[in-house]
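1. Here is my input, please return the structure:
(one chain, ligands or ions: 2)
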Amino acid sequence: MVTAAARKTAEKGKLMDFTSTVIIPLLFGSLGIFALFRLLQWVRMRTYLQEAVVVITGATSGLGKECAKAFHAAGSRLVLCGRDSEKLKGLVQELCAVKNHRKNPHEPHTVVFDLSDTKAVVNAAEEILKALGHVDILINNAGISFRGTIVDTGLHVDKKVMETNYFGPIALTKALLPSMIKRRQGHIVAISSVQGKISIPFRSAYAASKHATQAFFDCLRAEVEQYDIEVTVVSPGYIQTNLSLNAVTADGSRYGVMDKTTAEGQTAAEVAQVVLNAVGQKKKEVLVAGLTPCLAVYLRNLCPRLFFTLMASKAKKERKAKGS
Ligand SMILES: NC(=O)C1=CN([C@@H]2O[C@H](COP(=O)(O)OP(=O)(O)OC[C@H]3O[C@@H](n4cnc5c(N)ncnc54)[C@H](OP(=O)(O)O)[C@@H]3O)[C@@H](O)[C@H]2O)C=CC1
Ligand SMILES: CCCCCCCCCCCCCCCC(=O)OCC(=O)COP(=O)(O)O
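-> Ligands and ions are numbered 1, 2, ... in the order given. Just a heads-up that it's a prediction; the model follows:
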């Protein structure tokens, strides 16, 4: 007669057999497949980015500057765009410092223009195509933010924000698109914002420009799929940059304050890595934000009434804090 203890030992043995013959090989097999998948993904990404001609707007500071460093490290041939030629030269020197230069021998090209000047944008696109022949990846990063009430804001301020954040990037995109279509190759990136998906009070011009950006590049993605052109929309939450310092206010003057939310945001280097990976993996869109902004995006879509109530109380609170 089999005792209970013997039955228990036999069951334990069976379990151990099952673990060593099924569970452990399955676990290691899955880990192996995952590691192989990640390796293949990395190799594909490296091949995609190495030698690629990458145009970055707003390369003089913040996220644009960090994207320049990340794509340079990935071996891309950079075209750095900005309004300040001295800052661009400084960045080229930094990138061409011996340590970086050994990894990527291509000296970045610089193009100076203001995105709110459509003619200058078209000329810049021509200059880029003349100098490099083609563009593989365009990163529409440059932008400005806004702080103010709608009732006090001059229309010239709304236009300035729209020109910089929306018309400038779409003008550059339209100027480079025909050459991408001709080659049936290209990748267009729009750095939007969480505020391209939700609107928060006292940011009307900024949120409107980013919603327009999201809409335009979503349309573009569908239209250019037939030419194998990729479109990636990146929507970050707060990033530690000069964005709030450089924001315009209701009368068009500089805001000049480093907001706590911005100062406590993600680092620009972290977000640049997300941009690099999203481009390398040809992602359609990516939301790079903390839990609250992400929840706010879902809430806006799933329960708009509650979202609007929260935004109204946020506006009330901010107005009270300012004593207005
Ligand atoms: N910081 C944040 O919290 C977030 C930022 N973003 C987005 O990230 C992008 C980069 O901003 P960020 O790095 O944070 O801010 P920064 O202010 O540090 O950088 C903005 C860049 O845009 C350039 N720029 C501004 N206006 C113009 C113009 N008229 N013509 C050409 N270039 C111009 C600036 O050039 P110059 O040096 O000449 O001023 C600068 O290089 C923006 O699109 C922004 O909306 C999105 C979500 C969050
Ligand atoms: C249980 C659900 C709770 C979720 C609701 C909370 C609602 C609180 C609102 C939070 C709003 C977050 C907004 C984040 C916006 C953002 O990250 O924007 C990034 C920027 O573009 C920064 O630009 P700015 O000029 O505003 O500094």
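2. Val271: neighbour count?
-> If you count neighbours by other Cβ atoms under 10 Å, Val271 ends up with 26. For every residue, glycine as well, the C-beta is placed using N, CA and C.
3. same check, this time on Lys284
-> There are 12 residues near Lys284, going by other Cβ under 10 Å.
4. repeat for Gly133
-> For Gly133, using other Cβ under 10 Å, the count is 10.
5. backbone phi and psi for it, please?
-> Dihedral pair for Gly133: phi 90, psi -40, per degrees, to the nearest 10.
6. what distance separates stretch 264-278 from the centre of its chain?
-> With Cα atoms, centre = their mean, to the nearest Å as the basis, stretch 264-278 stands 8 Å off its chain's centre.
7. Which positions in that stretch come out as buried?
-> Across stretch 264-278, burial judged by 16 or more other Cβ atoms under 10 Å covers Gly265, Gln266, Ala268, Val271, Ala272, Gln273, Val274, Val275, Leu276, Ala278.
8. and that stretch, does that touch ligand 1?
-> Yes: interface with ligand 1: stretch 264-278 contributes Gly265 (Cβ under 6 Å from any ligand atom).
9. for ligand 2, what are the nearby residues on the stretch 1-150 of the chain?
-> So the stretch 1-150 of the chain meets ligand 2 at Ser145 (Cβ under 6 Å from any ligand atom).
10. how about 8 Å then?
-> Residues of the stretch 1-150 of the chain found near ligand 2 (Cβ under 8 Å from any ligand atom) are Ser145, Phe146, Arg147.
11. Just the ones of these in strands?
-> The strands, defined by DSSP state E, take in Phe146, Arg147 from those.
12. so which of the residues of the stretch 1-150 of the chain next to ligand 2 is the most crowded?
-> That'd be Ser145 among these, by other Cβ under 10 Å, with 26 neighbours.
13. List the contacts of stretch 209-225.
-> 140, 143, 161-162, 164-166, 169-170, 173, 177, 180-181, 186, 188, 190, 192-193, 195-197, 199, 230-231, 233, 235, 284 (Cβ atoms under 8 Å, 6 or more residues apart in numbering).
14. any idea which of the buried residues of stretch 264-278 is closest to ligand 2?
-> In terms of Cβ to the nearest ligand atom, no member of the buried residues of stretch 264-278 lies closer to ligand 2 than Gly265, at 7.6 Å.
15. May I see the buried residues of stretch 264-278 organised as TSV, with distance to ligand 2, secondary structure and pLDDT added?
-> Listed next are those as TSV, based on distance: Cβ to the nearest ligand atom, whole Å; DSSP: H, G, I helix; E, B strand; the rest coil; pLDDT from 0 to 100:
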residue	distance to ligand 2	secondary structure	pLDDT
Gly265	8	coil	97
Gln266	10	strand	98
Ala268	13	helix	98
Val271	11	helix	98
Ala272	16	helix	98
Gln273	18	helix	98
Val274	14	helix	98
Val275	15	helix	98
Leu276	20	helix	98
Ala278	17	helix	98
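16. Look up the closest residue to whatever residue of the stretch 201-324 of the chain ends up closest to ligand 2, ignoring the ones flanking it.
-> Nearest residue of the stretch 201-324 of the chain to ligand 2 (Cβ to the nearest ligand atom) works out as Gly237 at 3.5 Å. Closest residue to Gly237 apart from its sequence neighbours, by Cβ to Cβ, 6 or more residues apart in numbering: Ala289 at 2.9 Å.
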